Structures are given as C-alpha cells and as structure tokens.
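Sequence plus predicted model, see below.
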Amino acid sequence: MACSEACAAAGAPVVSTYEPKGTFERAGSTEIYHSGSGALGLVMVPDVFGFAHKQVFQVADRFADAGFNVCVMDPFHGNPWPMDKFPPKPEHDFQGWLTREAGWGKMRPHVHDVVAKLKEGGASKFGCIGFCWGVSIAMQAGQETTFSGVGGAHPALFGHDLDYTEKVQCPVVLLPAQGDADTAPIKKILDRRPYGSKCVYQRFDDQTHGFVAARGDWTKPEVAAAAGKAIGIMADFLKHAMTDPPAEASKNCGGGAAAAVVEHGHGHHGTRNANHPGHGHHGIGHGVGHKRNI
C-alpha cells in the first residue's frame, strides 16, 4: 500500500506561523520537542512530515496546558518523507521507506529513550499519541505495559489494524477523519478486554485527514474548533487511563461492559462511555504557557 487514499487526498501540509513555547532537546540520539511538566508523561509521534511543520508543536503545547509533560519525538531524525514525492506514487515505495526508516523495531528504542527523559522530569505514568502514521507507532507501543493509554487522530494503520489491536495491552483512543477506516472491527476486539469500556472512538467526518496535525489549517475557525475538540477528547481519555484504578478482568468477562460509542455520522458528537460522560476539555484553550524545561 503506497499511502492511504484519505492521506493522499488531504494534500500538502499547511504553512504555520506558530511560535513553539517549549524547548528542543535530546532523548538519547533522538531530537525531541518538550513542553509541560508533571507526572502525566506523554510521548507524541508526528505524522510522516516529522518536525518539518510546526503544527505538531502547537498540539504539544495544548496538551501541556491540559496538564501533561509532553515530548514529541522526531522519528525521522530530520529526514521526513520529501514533499516533492507527496502524494507518494507506487514507484516511490512509501511503505518500504516507512518500514526501513521507521518500523517499530527502529522506533522502540527511541520511544523508550523519550520515556526515560520524561521520567527524569518527574513523569510516572505514560501515554502515547500519534497522528496519521504515528498512530501505528502508538498502537505498537501499547503492546507494552509501559503505557496506560495509546491512540491518536486520523489513524493510518496500513492494513495492520487488527494485528496491532490484538496485541495492545491498554485502553485506546481513535479519532478518524473523513475517509479514514472504520474503527468498528477494532472496537469489536477491544470490547472484550477488561479495559474495553475505557476506550474511545469518535469520527470527525466533517474534517479532512490530518486536521489535528500538519494538514490542519487552524486559521479556519471550524478546523481550529474541531482540532481543539479532538485534543480535548484525547486529553480527557489519557487522564482517565492514567489515573483511574485498573479495570477488573471480571467486569468484562462473558458479555463485556458498556463500551465507548462509535459515531459513524457526520460531525463530531459525544463519545465518552457511560462511565465518563464529560469530555473535560478544561485547559485546552488557545493560550499556551511559558517556555518549559525538564
């Protein structure tokens, strides 16, 4: 698969004038963007455009304002997918490039370097959120007990949806956009897990793929509002995943507990499950804090 249709149709990244509020540091051999502080550590994985576009730093600052200690990792070490090959054609071997340059075997040590960096700064609980391709890394990170919650916005899992899902060990949040794959098969698997009721699925069918990350034109009020809502949903999910008591396996044995609602309609309506009805978007406003260091 060269590139998902939704990803290709979303076009090139927007040019953002945003000035990041955090700091650029290193975690092992990996460059990171760090924003925020505290016990709730968040590893963020950008889309295939890496650090070449500023929007992901704005997203990180929003999560920092919501109380997270955030490190965005540069998975491509300054060499993201080139814009002169976007959208990728079959002869560009985009999938092969991803496998060689950013497969989980290569990414895992960097993810754990970032976790170690967050621990140095006082983090004791960890989540992993990605965008587009980055969600595939987050889902694979969720196969390890390090993380309390994983997922992301406009996921591109390249046909490995069920494989990743079968192995994940923690609650998942998935926020597909227009044209992105249906999450119902994933939900069917996770509904049977002890933590199934903590998972969150919500469609943003009125937004193009990439609206939270590099392709989101936040100068448009409707896009900025949708992105803010998506960030709020993910922040709320992560706080519950990191701070709620562990799910008891007995609660989901047999019939399974009530799971989060999958919205297939247009727009972006409420999705928290019955256990956590509110989105809890406090702290996701437009203001961002001062420069932050670990």
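Arrived safely. Numbers count the residues shown, from 1 in each chain.

alpha carbons only for contacts and neighbour counts from here, please
Fine.

Let me see the ranges of the helices in the stretch 51-200 of the chain.
Under the criterion DSSP state H, counting those that start in this stretch, helices of the stretch 51-200 of the chain are mapped to 55-65, 94-102, 104-120, 133-141, 161-167, 184-190.

list the helices and strands the third one packs on?
Secondary-structure packing of helix 104-120 (3 or more CA pairs under 8 Å, 6 or more residues apart in numbering; DSSP states H and E): strand 23-27, strand 30-35, strand 40-45, strand 69-73, helix 133-141.

quick revisit: want to try a markdown table for the helices of the stretch 51-200 of the chain, with mean pLDDT, distance to Lys239 and mean neighbour count as columns?
As requested, the helices of the stretch 51-200 of the chain are exported to a markdown table (pLDDT from 0 to 100; distance: least, CA to CA, whole Å; neighbours: other CA atoms under 10 Å):
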| stretch | mean pLDDT | distance to Lys239 | mean neighbour count |
| --- | --- | --- | --- |
| helix 55-65 | 97 | 11 | 25 |
| helix 94-102 | 83 | 28 | 15 |
| helix 104-120 | 97 | 16 | 18 |
| helix 133-141 | 95 | 16 | 27 |
| helix 161-167 | 92 | 21 | 16 |
| helix 184-190 | 96 | 19 | 17 |
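
ok, so what distance separates Leu190 from Val212?
In this view, Leu190 and Val212 are 24 Å apart by CA to CA, to the nearest Å.

and Val168, what does it touch?
Val168 is in contact with 139-140, 142-144, counting by CA atoms under 8 Å, 6 or more residues apart in numbering.

Among those, which one sits closest to Thr30?
Gln140 (18.6 Å; CA to CA).

if I read this right, the closest one contacts Trp104, doesn't it?
Yes: the pair Gln140 / Trp104 is scored as a contact, 7.1 Å apart, by CA atoms under 8 Å.

ok, so what distance separates Arg26 from His77?
11 Å.

the more surrounded of the two?
Arg26 (17 against 14; other CA atoms under 10 Å).

returning to that earlier point: of all pairs in the contacts of Val168, which one is the farthest apart?
Taking CA to CA, no two of the contacts of Val168 sit farther apart than Met139 and Glu144, at 9.7 Å.

what pLDDT, on average, does stretch 232-245 get?
For stretch 232-245, the mean pLDDT works out to 95.

Could you count how many residues lie near Lys239?
Neighbours of Lys239 under the rule other CA under 10 Å: 19.

Cool, thanks, signing off.
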